[in-house]
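**Q** Just the structure for this:
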Amino acid sequence: MFSAALLLAWMVAIGTYLEQHWPDWHWYLTGYPRTALRVMVTWRKVAQLNDLTVSHKPNRRLMGGLVVKGQPLHLTVPRCSFPRPMPNGLSVRVRLNAGQTPALFLGAAEALVHAWRVHAVRVVSPERGIVLITATAADPLEHPERPTGEVPGSLLSAVVGALETGGAWLMDFRRVPHWLIVGATRTGKSTLIARLINELAPQPVAVVGIDCKGGMELGLFQQRLSALAACRSEAVAVLGALVVEVQDRMRTCRAAGARSIWELPEKERPVPVVVVVDEIAELYLTNGAKEQRAEAEQCSTYLLRLAQLGAALGVHLVVAGQRVGSDLGPGVTALRAQLSGRICHRVNDPGTAEMTLGDLNKDAVAVAQSIGEAEQGVAVTTGDTGGWMRGRSHLTTPAAAQVTAAEYAGLAFRLPGVTRALEDLDRGEGA
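**A** Residues are numbered from 1 along each chain as shown. All right, here's what the predicted structure looks like:
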């Protein structure tokens with residue numbers, strides 16, 4: 001009896017240790033077998049109760065001079081594969097019967113969550129006639145600071161948080177060159193931007209900030225920034241200089257017979273530039289004055305030019321705002337089309353979610369609008385695959401941001417054209 005109790009205590013201790021230090025192995029050894037068995041045992045009953053079955057015989061029959069309609073007795077349950085293990089979950093492939101559509105399984109997702117006793121179920125159709133059901137055992141976004149596995153570091157890539165799959169949320173500018181980030185106040189938008197700059201800080205990358213709220217947000221990283229525009233006049237100067245920089249790089253590539261800076265020899269390759277624009281509306285909104293309208297039009301033109309040409313020339317945009325709509329001007333719609341990476345936190349109006357995600361994935365719009373007020377930092381993100389995923393950004397405190405900026409201040413690459421444009425603007429104002 002004592003030996004059995006001791007063995008049970010050891011098993012509990014080992015299970016607790018695995019859960020804390022190797023959660024994936026804890027899931028594979030304990031959670032997956034139970035959940036997989038539950039899926040196989042309950043599949044037929046769940047399918048029958050949620051109208052996921054079909055009948056090969058019609059539900060109407062002619063009896064004498066009457067047509068009798070009834071409930072089919074012999075129902076065929078769609079065939080599902082054996083559950084395939086995944087980190088923090090499992091997946092099942094279901095072959096649809098004739099007449100079935102994926103919409104039926106989407107409607108039954110909540111029933112599957114309760115029947116299988118998992119955190120969430122996601123249903124997609126990777127090919128015609130097939131539905132892929134992915135079950136997540138626990139919410140990986142509840143503790144996004146937990147390790148999410150090793151991610152190979154590379155230039156212009158940043159791990160900004162955790163995805164609902166349990167993997168790392170990676171923003172890779174080499175694969176997705178420009179990003180749009182939206183979110184209402186206190187939804188985690190600024191936290192995500194801070195994490196992004198924090199991850200880019202140790203890399204040989206020039207980071208340019210445009211924060212027309214007086215530099216309150218991006219000013220924390222000022223020591224690491226190659227330039228910081230704190231008002232729209234400075235933004236016009238910085239963006240104009242960057243357009244000139246892009247044109248210079250274009251001539252360099254053309255002279256070398258290269259289609260991008262990445263085909264140039266490493267010694268001749270210019271430093272990549274990431275331009276972070278915090279609150280895009282500050283660049284576009286005016287009070288109707290002619291001077292302000294001119295500045296807004298210049299900003300719109302410069303941003304669009306950088307988005308169109310920058311990817312191959314090592315200039316990348318991250319544009320953020322509380323809302324993005326056509327009321328800011330036609331330039332916003334044109335710019336959005338060039339920003340293929342999309343991140344949508346909780347927003348206050350459906351139009352912003354539609355503007356951000358609607359042209360890429362309609363399902364993602366509904367998911368973004370379902371994000372609650374308590375889910376700070378949670379967002380829906382899209383990438384180069386055309387799909388979508390929920391993610392939660394890691395927290396970077398203001399103190400940590402300042403420490404990072406000071407530590408990597410030596411990597412604040414000087415962009416002569418940008419520096420000169422800001423100096424000329426200062427002299428003009430002084431005069």
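**Q** Tell me where the stretch 1-150 of the chain has strands.
**A** Using DSSP state E, counting those that start in this stretch, the strands assigned to the stretch 1-150 of the chain run over residues 60-63, 66-69, 79-80, 84-86, 89-95, 120-127, 130-136.
**Q** nearest to Ala400, of those?
**A** Across the strands of the stretch 1-150 of the chain, Ala400 has its closest neighbour in strand 130-136 (29.5 Å, CB to CB). Where C-beta positions appear, they are placed from N, C-alpha and C, glycine not excepted.
**Q** Could you give the average pLDDT over that closest one?
**A** Across strand 130-136, pLDDT averages out at 90.
**Q** Likewise for stretch 294-302?
**A** The model assigns stretch 294-302 a mean pLDDT of 90.
**Q** buried residues in that stretch?
**A** Residues of stretch 294-302 classed as buried by neighbour count (16 or more other CB atoms under 10 Å): Glu295, Ala296, Gln298, Cys299, Ser300, Thr301, Tyr302.
**Q** Keep only those of the residues you listed that are in strands.
**A** Within the buried residues of stretch 294-302, no residue falls in strands by DSSP state E.
**Q** Return the closest of these with respect to Leu75.
**A** Among those, and counting by CB to CB, the member closest to Leu75 is Ser300, at 58.8 Å.
**Q** Show the contacting residues for that closest one.
**A** Leu283, Tyr284, Gly329, Gly331, Val332, Leu335 (CB atoms under 8 Å, 6 or more residues apart in numbering).
**Q** Highest neighbour count among those?
**A** Leu283 (28 neighbours; other CB atoms under 10 Å).
**Q** what's the helix or strand for that one?
**A** Using DSSP states H and E, the element containing Leu283 is helix 281-284.
**Q** same thing with Val276?
**A** Assigned by DSSP H and E, Val276 belongs to strand 273-278.
**Q** my guess is Arg186 meets Gln376, correct?
**A** Yes: under the criterion of CB atoms under 8 Å, Arg186 makes contact with Gln376 at 6.7 Å.
**Q** Please identify which of these two sits among more neighbours.
**A** When Arg186 and Gln376 are compared for neighbours, Gln376 comes out ahead with 17 against 12, by other CB under 10 Å.
**Q** ok, and the closest non-adjacent residue to that one?
**A** Gly188 (5.1 Å; CB to CB, 6 or more residues apart in numbering).
**Q** same check, this time on Pro140
**A** Using CB to CB, 6+ apart and skipping residues adjacent in sequence, the residue nearest Pro140 is Gly166, 4.3 Å away.
**Q** Burial check on that neighbour, number of neighbours?
**A** Around Gly166 sit 22 other residues, with neighbours defined as other CB under 10 Å.
**Q** Ok, Trp116 next?
**A** 24.
**Q** Check Glu263 too.
**A** 12.
**Q** and if you look at Arg427?
**A** By other CB under 10 Å, 9 other residues sit near Arg427.
**Q** any idea how far Val243 is from it?
**A** Distance, Arg427 to Val243, by CB to CB, to the nearest Å: 21 Å.
**Q** in the lengthiest helix in the chain, what's buried?
**A** Selection of the longest helix in the chain by residue count, based on DSSP state H, yields helix 232-256. Going by neighbour count (16+ other CB under 10 Å), the buried part of helix 232-256 is 232, 234-243, 245-246, 249, 252-253.
**Q** so which of those comes closest to Ser340?
**A** Nearest to Ser340 among the buried residues of helix 232-256, with distances taken as CB to CB, is Val246, at 18.1 Å.
**Q** check contacts around that closest one.
**A** Contacts of Val246 by CB under 8 Å, 6+ apart are Arg305, Leu306, Leu309, Gly310, Leu313, Val315.
**Q** which stretches of the stretch 301-431 of the chain aren't confidently modelled?
**A** 326-327, 383-386, 428-431 (pLDDT under 70).
**Q** The closest residue to Arg122 other than its chain neighbours pairs with what?
**A** Spatial nearest neighbour of Arg122, excluding adjacent residues (CB to CB, 6+ apart): Thr134 at 4.7 Å. Judged by DSSP bridges, the bridge partners of Thr134 are Ser91, Arg122.
**Q** okay, now Thr134: neighbour count?
**A** Neighbours around Thr134, by other CB under 10 Å: 18.
**Q** and if you look at Glu291?
**A** Count around Glu291 with other CB under 10 Å applied: 9.
**Q** okay, the buried residues of stretch 294-302 in a markdown table with distance to Trp43 next?
**A** Below are the buried residues of stretch 294-302 laid out as a markdown table (distance: CB to CB, whole Å):
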| residue | distance to Trp43 |
| --- | --- |
| Glu295 | 62 |
| Ala296 | 58 |
| Gln298 | 61 |
| Cys299 | 56 |
| Ser300 | 54 |
| Thr301 | 57 |
| Tyr302 | 57 |
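**Q** circling back to that earlier point, could you redo the contacts of Ser300 as a markdown table and give each row distance to Ala364?
**A** Putting the contacts of Ser300 into a markdown table (distance: CB to CB, whole Å) gives the following:
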| residue | distance to Ala364 |
| --- | --- |
| Leu283 | 26 |
| Tyr284 | 25 |
| Gly329 | 25 |
| Gly331 | 24 |
| Val332 | 20 |
| Leu335 | 20 |
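**Q** what's the model's confidence in the strand holding Val276, averaged?
**A** Per-residue scores along strand 273-278 average to 95.
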